[in-house]
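>>> Structure for this input, please:
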Amino acid sequence: MTFLARIDNLSKFEQFVTNCAIQFGLDATRTSGLQVAVEEVFVNICHYAYPNSGGTASIVAGTEGDALVLEISDIGIPFNLLLSSDPDTSQDILERKVGGLGCYLIRKFTDHASYRRVNGANILKLVVLRIMGQ
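Got it, this is the predicted structure:
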């Protein structure tokens, strides 16, 4: 599926992911976590991938064994959000450095995440196991 990278499309993007998670058989907790991770990715694309013009965000869903695999891509500026450092969550929220929380949430709610740049596209692969820890 391809969506215009606009915040008003976030619910459609999330609904696609939710439908895939339900069809795959993820439980409610794993599905909720995946929704948080995907929201972070989509919002980052909307805000940062296309600084001078609009663009799109695409998502492909599939399976690899007992894992749901999502590949989210855009053709915006090169950016690997997985290189962001995790925030210091021991600090009070008002004292924390801005940034890094999105990547932290992606790592927390997926079993594996990877980034690659291919033919001008940012591609983020998110893998979620049906049952955590398998």
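>>> what about the helices in this structure?
With DSSP state H applied, the chain shows helices at 10-24, 28-44, 101-109, listed in chain order.
>>> ok, and for the helix or strand bottoming out on mean pLDDT in the chain, which residues are buried?
Within the chain, confidence by mean pLDDT, DSSP states H and E is lowest for helix 101-109 among all helices and strands, at a mean of 86. Along helix 101-109, the positions that meet the burial threshold by neighbour count (16 or more other CB atoms under 10 Å) are 101-103, 105-106, 109. C-beta: built from backbone N, CA, C; applies to glycine.
>>> end to end, how far does stretch 113-130 reach?
From its first residue to its last, stretch 113-130 covers 15 Å (CA to CA, to the nearest Å).
>>> Any chance you could list what contacts it?
Residues outside stretch 113-130 that contact it (CB atoms under 8 Å, 6 or more residues apart in numbering) are 21, 24-26, 30, 33-34, 37-38, 41, 49, 64, 66-76, 78-82, 106-107, 109-112.
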